[in-house]
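Peer 1: no FASTA, just this:
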């Protein structure tokens, strides 16, 4: 082994150069979420072997997150370029061996450490540009947490706008189920030598210490835009169910292998 | 006039293409601020004719802001790429005709609308990359608003890190004076035809509806880094006074001309 | 004057902090250009008082540029973050006092020094994201300068794609007239004190040492996309004339005032 | 398998959403390269088991590249946001089973597709900001390919400048050996289920159709800057050998497994 260390590349004698440090990873942030129904056949087409559509088979969510992440010593929070990122992903309701789970067919983030950390877990991350209305304590350039207040999110990738969402708060609410159901991901690392096999694993995440606070529910708008290179609009909404805005935290520690070679 | 409209370029028949809409502009955000003392001679060298050093002549502040801005109809908040920006600026304590004021010798933001809106007011803005620790409601990847909690800010421009600041909260406090004193700016638009004169005006801003909330005070660290092209380190700290973290809002409506051709 | 110096803000005792250094400014780059016809009425609506439509009244061009700029000592080329930018602008054929000129109603660049340098000249610049196919000397991931080779350009702003252009080279050619006609701009700096007047000047630029090389001409495609906040599609093509790809250089030294207060 | 396709995540029914398409990948670009000697012990500490220092044991290079990449149909070149990226990497001279090879301990690029494509091959890529002087055909804001002309490169990551290089051309030359020696990489994909093992493979790349043109050689300067989170300065130059500027192309088709679990 020669002493080279690292949870991810790059390796070094100390291991400090690694793009992603080993878990546990702690997350805190604010989430904007639109629950919607899409074509159940489209959901089915995006579920790998072993997963079945959920009870409400076209149920889905579009989820925007404004995040900080840190390891145990919290040092990333003191050099915030190393801890902040924004995220958008689609969540599809599904089941694995009869248990309710969530599948993410598409995900975008805006920082490298989050991209690679996601690929390790099986999040299908690309880089994108994500904007989410912030909530500040005072003034006229912020929504409050009160009935009628409005929040919005947008996603672009490859210099094309892909998603717009708007939420109008109505009342405090319980957290939506898709926000806390376990995620079931496909980890995939292509072979490089053609005589070898790809690594493909169906896994579920190791999320702990989930905390959700200040949940508000209301009406929502959600639009997916066509792109010549993205297929997000295959999962476009046919019915909008509700919008949510809440604070969210969790700790991710590692996952559990469900199956090998499952796409 | 032919019907072309616009508060700023670009002009169009409707005026809608203008990079910056006309004031009033509403601002809401969170601020990280380090009060410090720099060399009083350096402050003097950065004050234009008509301004005198303040009572405490080397008094200064390094100010990081995470902002949303909007016009009266608030439409920017529903397409947040049009409303969010981050800012760093230095504030120097000074007086104009005996009245306490603040002078900003250097300022960086990360969005075009804020850059040009700033130049109109006389903020000496460039583009930079600004990161500021965020405060979320739950979890381990966020400081709280409580004694011992830590926040940080950083500034880079031209791919060089220029400023790092860290604050450790101690207790709720009154807002620091430099956060709300009126700013005195030099607006400057160079002549393009060499037979004409530059436009140079000493102005003070039209800030209204100032609101400051959740002020915490504590210890701070602040470091300015050398750069071959920036002169920020001429105003480097010789003594750190205190760190602050607070929420801030104001409305800017227009300014008042104090003098022409004053550098 | 107290010794504060600067061609633009920020001022400092040395003048070195200025975002834009004084002219002359030297430019070298590669250009992708699509000549097209738009609605002559639309052109007219974008011409300020004093300008008339050109002989071919709807004639226009969409111009992408990949640029380096430098002052006399060329130091910016040795810290290329300070010298490189990309640009897209629309050029409208027009006349001023019977002389053929070009008017740019819309322009985007991707760097702060170019944005502010443009505003001084009257270019109506905003920040955008511009991509232009590059031409390298070898390999399969580059077009050559030969018949049938293809180049493309795209513009996005506010995370929305606004323009796409594609050119297929046919043969070497003369440079298109719109590439070298003098530009006639409106410089505009809004008043800040409401009792003062805006500065608005009709100017023409001081371009010298124009050099155009390696001009190829061919077929082109050009598409402008709608956006809720941009009005570029008012000037969308109704007929595509030709595409060009060439290298371009000039030196800009200062301009000439044609009229005051002309929009 | 349920029909989900993709060379990388995200998978979809068509496979079109994949961040990286399958090889072959074609590359064309311009390279700035500084050959230098670093501490041979440092090189040794960065070589995994199975690799030995080269004949000149501290020999290394700092390599900046301005790249386009495309698949066989070249469609990426017609939407250049999908084909362009810039890169910086360090190359260490080494041998594997007596054969001269190159090891890259650190690498930065500025686009997601290049980052993930690199990780598949074993390039230890992070995102960074890379600037490289361009060479245009005309004008004063470009170096020529002639004696005395100067080019520069810089790298920043995490808003900190990490590398600066400058080259002064002297004369046409042969391509430097480190530019074309085969690379030997460690592919690494951490286990997610703690009862599983990491995938770690020593591989060598499948580069074909290598073309190098317009090679110029000259004097060089190279500086690595400290960073609290990067270890690049462990491999800082103790002697500068020469600078090079050339055009480069290759096709990458897949690699060959040399050993498993080799760090």
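Peer 2: Structure's in. What do you need? Just so it is clear, the structure is predicted and the values come from calculations on it, not from any experiment.

Peer 1: Now do the helix or strand where residue A:171 lies: which elements does it pack against?
Peer 2: According to DSSP states H and E, residue A:171 maps onto strand A:160-172. With contacts taken as 3 or more Cβ pairs under 8 Å, 6 or more residues apart in numbering or on different chains; DSSP states H and E, strand A:160-172 sits against strand A:25-37, strand A:59-70, strand A:150-157, strand A:207-224, strand A:239-252, strand C:160-172. (Each C-beta comes from the backbone N, C-alpha and C, glycine too.)

Peer 1: Could I get the average pLDDT for it?
Peer 2: Strand A:160-172 comes out with an average pLDDT of 98.

Peer 1: for stretch A:131-138, same thing?
Peer 2: 98.

Peer 1: Residue A:216: what's it in contact with?
Peer 2: Residue A:216 sits next to A:145, A:169-173, A:244-246 when contact means Cβ atoms under 8 Å, 6 or more residues apart in numbering or on different chains.

Peer 1: any idea how far chain D is from it?
Peer 2: 30 Å (Cβ to the nearest Cβ, to the nearest Å).

Peer 1: Run a quick neighbour tally on the nearest residue to that residue once chain neighbours are set aside.
Peer 2: In space, and not counting its chain neighbours, residue A:216 is closest to residue A:169: 4.5 Å by Cβ to Cβ, 6 or more residues apart in numbering or on different chains. The local packing of residue A:169 (other Cβ atoms under 10 Å in any protein chain shown) involves 22 other residues.

Peer 1: On the strand side of things, show who residue A:169 bridges to.
Peer 2: The partner list for residue A:169 in beta bridges (DSSP bridges) reads residue A:218.

Peer 1: which residues does it contact?
Peer 2: Counting by Cβ under 8 Å, 6+ apart, the residues that residue A:169 touches are A:143, A:145-151, A:216-218, A:245.

Peer 1: redo that, cut-off 7 Å
Peer 2: Counting by Cβ atoms under 7 Å, 6 or more residues apart in numbering or on different chains, residue A:169 touches A:145-149, A:216, A:218, A:245.

Peer 1: and these as TSV, adding pLDDT?
Peer 2: Below are the contacts of residue A:169 laid out as TSV (pLDDT from 0 to 100):
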residue	pLDDT
A:145	97
A:146	98
A:147	98
A:148	98
A:149	98
A:216	98
A:218	98
A:245	98
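
Peer 1: I'd like to know which of those residues are buried.
Peer 2: A:149, A:216, A:218, A:245 (16 or more other Cβ atoms under 10 Å in any protein chain shown).

Peer 1: quick revisit: ok, of the contacts of residue A:169, which one's closest to chain D?
Peer 2: When these are compared for distance to chain D (Cβ to the nearest Cβ), residue A:245 wins out at 26.1 Å.

Peer 1: I'd guessed that closest one sits against residue A:32; true?
Peer 2: Yes - using Cβ atoms under 7 Å, residue A:245 is in contact with residue A:32, at 5.5 Å.

Peer 1: Common neighbours of these two, please.
Peer 2: With Cβ under 7 Å, 6+ apart as the test, residue A:245 and residue A:32 both reach A:151, A:167.

Peer 1: Surely residue A:147 touches residue A:168?
Peer 2: No - look at residue A:147 against residue A:168 with Cβ under 7 Å: they stay out of range, at 8.6 Å.

Peer 1: Can you give me every residue that contacts the closest residue to residue A:199 other than its chain neighbours?
Peer 2: Spatial nearest neighbour of residue A:199, chain neighbours left out: residue A:189 (4.4 Å); criterion: Cβ to Cβ, 6+ apart. Applying Cβ under 7 Å, 6+ apart, we find residue A:189 in contact with A:198-199, D:189, D:199.

Peer 1: Tabulate the residues you listed in a markdown table, adding columns for pLDDT.
Peer 2: Formatted as a markdown table, those follow (pLDDT from 0 to 100):
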| residue | pLDDT |
| --- | --- |
| A:198 | 96 |
| A:199 | 96 |
| D:189 | 98 |
| D:199 | 96 |
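
Peer 1: What is the neighbour count of the residue in the stretch 51-200 of chain A positioned nearest to chain D?
Peer 2: Of all residues in the stretch 51-200 of chain A, residue A:124 sits closest to chain D, at 3.2 Å by Cβ to the nearest Cβ. If you count neighbours by other Cβ under 10 Å, residue A:124 ends up with 25.
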